[in-house]
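Q: Return a 3D structure for these sequence lines:
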Amino acid sequence: PAPAALAPFARHAVAGDGAWRPAGRAVHGVRAIYETTLIPPGGSQAAGLSWMDTRLLSARLYSGSISPGGGPYRFTAPIRRAQAASVVAAFNGGFKMNETGGGYYTQARVIDPLRRGAASLVINADGSVNVGAWGTDVVMTRDVVGVRQNLVPLVAGGRPTRRAGSRDWQAWGATCGATSCAATVPGIEHQWRSGVGVTANGALVYAAGPALDPLQLAQLLVRAGVVRGMQLDINPDWPVFVTYHPRPAGGLAAPSNGSKLLPSTVQGPWTFFTPSWARDFITMSGRPAG
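A: Here you go, the predicted model:
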């Protein structure tokens, strides 16, 4: 079933805020992804949220020449025809590795050392996905095929972490300025941010918005039911969540049948089908019948 509607933060909410709408192709006739918007506490611009049913969807980590670097990788941009037949959604990964405060694991090798306590998105061989602090919530097992770390947990125990609410917002990454990303322009606290987390029943939730501080991003994830969450990439050029809805239902995902979670993101349905895309990203694909 669709997730329960979310209560808006704002007293005078925009129509439709918190109401989930199906997005992307169905999986075996069942909708696997729902999207909504919410204005964060104290904010004025809507952020987007996507709820993903991990019983119907499997995750895959795609690696890039910039993040994590190195390679070659079996799964890298562009999404190939074999995978496009089942892809339902894709979204951005994290920072460049020299800025993550963590590591990266794929194809049975450690690309960058995994750091204890780091916020980690973990993918198993069966496509199941989890998010948590490395070494406690999530650990290395024989089933793990991908680990993407980025900073420290943003949500833990179903609430924003203490660091998420601290005044040291620069600890969550260097941001662009209000009008420019030039190094000489001072960064601003309320900037494009994205994050991901898991709910108590295993759903995966993605959130992104154009004017968020770390605490607001955490509050959005918590409002959507996230119990453990992490920040992903930030700044205007990088956050993106896309769903694909080819027709007929068994068709190939492609830029022409993709839709953005938020129309204002710089990247879009074409991003993950571009050979030159050098950043890591995650796809969510329909699981085989049975």
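
Q: For C176, which non-adjacent residue is spatially closest?
A: N235 (4.8 Å; CB to CB, 6 or more residues apart in numbering). Using the backbone N, CA and C atoms, a C-beta is placed for each residue, glycine as well.

Q: Same check on S256?
A: Nearest residue to S256, sequence neighbours excluded (CB to CB, 6+ apart): P269, at 7.7 Å.

Q: next one: P78
A: That would be F273: by CB to CB, 6+ apart, it lies 4.5 Å from P78.

Q: dump the residue contacts of the one you found.
A: By CB atoms under 8 Å, 6 or more residues apart in numbering, F273 lies in contact with A77, P78, I79, A254, P255.

Q: Is it possible to mark the buried ones in those?
A: With burial judged by 16 or more other CB atoms under 10 Å, the buried subset of those is A77, P78, I79, A254.

Q: just those residues now: which is nearest D213?
A: Proximity of the buried ones among the contacts of F273 to D213 (CB to CB) peaks at A77, which lies at 30.3 Å.

Q: Secondary structure element for that closest one, which one?
A: Following DSSP states H and E, there is no helix or strand that holds A77.

Q: sorry, back to before: ok, the residue nearest to P78 to G43 distance?
A: Here the criterion is CB to CB, to the nearest Å. By it, F273 lies 32 Å from G43.

Q: ok, now A253?
A: Taking CB to CB, one finds A253 at 32 Å from G43.

Q: And the two? Which one has more around it.
A: A count of neighbours by other CB atoms under 10 Å puts A253 above the other of A253 and G43, at 29 against 20.

Q: Touching, the more buried one and V242? I think so.
A: No: using CB atoms under 8 Å, A253 is not in contact with V242; the gap is 9.1 Å.

Q: Okay, now the unreliable bits of the protein?
A: 12 (pLDDT under 70).

Q: Which of the helices or strands spans the closest residue to T106 other than its chain neighbours?
A: Spatial nearest neighbour of T106, chain neighbours left out: G146 (5.0 Å); criterion: CB to CB, 6+ apart. Secondary structure from DSSP H and E places G146 in strand 144-149.

Q: Neighbours of V185, how many?
A: Using other CB under 10 Å: V185 sits among 12 other residues.

Q: Apart from its neighbours in sequence, what residue is nearest it?
A: Leaving aside its chain neighbours, V185 sits nearest to G177 (3.4 Å; criterion: CB to CB, 6+ apart).

Q: for the one you found, what are its contacts?
A: By CB under 8 Å, 6+ apart, the neighbours of G177 are V185, P186, G187, I188.

Q: Let's see the PyMOL selection covering just the buried ones among these.
A: Restricted to buried positions by 16+ other CB under 10 Å, the PyMOL selection for those reads:
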select buried, resi 187
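
Q: and A207, what does it touch?
A: Neighbours of A207 in contact, by CB under 8 Å, 6+ apart: A47, G48, L49, S50, S194, G195, V196, L217, L220, L221, A224.

Q: Check D280 too.
A: L61, Y62, S63, G64, S67, P68, G93, G94, Y104, R148.

Q: Run a quick neighbour tally on the closest residue to V152 other than its chain neighbours.
A: Leaving aside its chain neighbours, V152 sits nearest to A119 (5.5 Å; criterion: CB to CB, 6+ apart). Using other CB under 10 Å, A119 has 33 neighbouring residues.

Q: same deal with the one 10 residues further on?
A: A count of nearby residues for V129, using other CB under 10 Å, gives 23.

Q: Turn the contacts of D280 into TSV, including secondary structure.
A: Shown next, in TSV, are the contacts of D280 (DSSP: H, G, I helix; E, B strand; the rest coil):
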residue	secondary structure
L61	strand
Y62	strand
S63	coil
G64	strand
S67	coil
P68	strand
G93	coil
G94	coil
Y104	strand
R148	strand
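
Q: Looking at neighbours, which among these is most surrounded?
A: G94 leads the contacts of D280 on contacts (other CB under 10 Å) with 31 neighbours.

Q: distance of S50 from A15?
A: S50 is 20 Å from A15, by CB to CB.

Q: what about those two, which has more around it?
A: S50 (25 against 5).

Q: Find the residue closest to the more buried one in space, skipping its chain neighbours.
A: Y206 (4.5 Å).

Q: any idea how far G48 is from that neighbour?
A: For Y206, the distance to G48 equals 8 Å [CB to CB].

Q: Ok, G94 next?
A: 18 Å.

Q: same check, this time on L61
A: Relative to G48, and taking CB to CB, L61 is found at 22 Å.

Q: Kindly report the same for P41.
A: Relative to G48, P41 is positioned 16 Å away (CB to CB).
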